[in-house]
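Asker: From the sequence below, what's the structure:
(one chain, ligands or ions: 2)
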Amino acid sequence: MITSKSSRELEYMREAGRIVACAHQAAKRAIKPGISTKEIDAICEEEIRKHGATPSFKGLYGFPAATCISVNSVLVHGIPDDTILKDGDIVSVDIGACYHGYHGDSAWTYAVGTISDDAKELMKVTEQSLFEGLKHAKAGNRLTDISHAIGEYVYAHGYSIPHDYAGHGIGTSVHEDPTVPNFGPSGQGVVLKEGMTLAIEPMVHMGKPQTRVLKDNWTVVTKDGSLTAHYEHTIVITKDGYEILTTINKEELFR
Ligand code: MG
Ligand code: MG
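Answerer: Ligands and ions are numbered 1, 2, ... in the order given. This is a model prediction of the structure:
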């Protein structure tokens, strides 16, 4: 079922989103060569709890940590551990927070020290693909108008998109209907309505689109070992477009 949120519900979702954005700021400040992914996870969890929220991902389907931290060829669901970040790595941090029963969900890819021009380009294109998709997030449009715009932009830059991971509705659960693909034809899926809350999250591979899951049953990597990037915002559909919920004071935090 796809729900439209009331203004009261949206107030909770704005606060959940703001807390997610605060945790991203804390992660961004901490990320540098020499820090472990476990330390970054602890910093994010502390930030989330400091604001009276709980980490959405801890225990979700049995996930063991507060955040998913995915380094280089890890696409999503990396488990924070003793892995030490090195100069030249790129690291995707996916953060969810639950405030008064409502969730926010946002992922961002960060550079560790000095990264290659190829990695910079991958990050730039993936981030922009999110905003290309959001240009079509508007009441009256169809869901896959967003998907199509993301896919076209990514493919035009010569990258690929994994087929088995997508964005999603969000609200009192982290993952709600509808599924929001990152590619495919436009003009399909539900008609977007005011008050629908969605997590839009392009995931992009530098190489081929195939993925595999490691033996821990969580960590998803590119099959060819190529680099990946992941950018995600939680938004609400408005009459004229959309509002980003996973942000602070409506400023773009992460550029
Ligand atoms: Mg996420
Ligand atoms: Mg998500």
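Asker: In three-state terms, label Ala26 for me.
Answerer: helix (DSSP: H, G, I helix; E, B strand; the rest coil).
Asker: Close to ligand 2: what parts of the stretch 101-250 of the chain are there?
Answerer: Neighbours of ligand 2 within the stretch 101-250 of the chain, by C-beta under 5 Å from the ion: Asp105, Ala199. In this view, the C-beta of every residue, glycine as well, is placed from N, C-alpha and C.
Asker: all helices in the stretch 101-250 of the chain, in order from the N-terminus.
Answerer: Per DSSP state H, counting those that start in this stretch, the stretch 101-250 of the chain carries helices over the ranges 117-134, 143-156.
Asker: Which of the ones you listed sits closest to Glu243?
Answerer: helix 117-134 (10.4 Å; C-beta to C-beta).
Asker: Now the closest one: buried residues?
Answerer: Buried positions in helix 117-134, judged by neighbour count with 16 or more other C-beta atoms under 10 Å: 119, 122-123, 125-134.
Asker: export those to CSV and tack on distance to ligand 1 and pLDDT?
Answerer: Output for these, formatted as CSV (distance: C-beta to the ion, whole Å; pLDDT from 0 to 100):
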residue, distance to ligand 1, pLDDT
Ala119, 21, 98
Leu122, 18, 98
Met123, 17, 98
Val125, 19, 98
Thr126, 14, 98
Glu127, 15, 98
Gln128, 18, 98
Ser129, 16, 98
Leu130, 12, 98
Phe131, 17, 98
Glu132, 19, 98
Gly133, 15, 98
Leu134, 16, 98
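Asker: Can you tell me which of those is nearest ligand 2?
Answerer: Closest approach to ligand 2 among the buried residues of helix 117-134 (C-beta to the ion): Leu130, at 11.9 Å.
Asker: Hmm, that closest one is touching Ala149, no?
Answerer: No: the pair Leu130 / Ala149 is not scored as a contact, 10.0 Å apart, by C-beta atoms under 8 Å.
Asker: So which residues on the stretch 101-250 of the chain come close to ligand 1?
Answerer: So far as C-beta under 5 Å from the ion goes, the stretch 101-250 of the chain lies against ligand 1 at Asp105, Ala107, Glu232.
Asker: Quick check: Cys44 vs Asp94, distance?
Answerer: Cys44 is 10 Å from Asp94, where distance means C-beta to C-beta, to the nearest Å.
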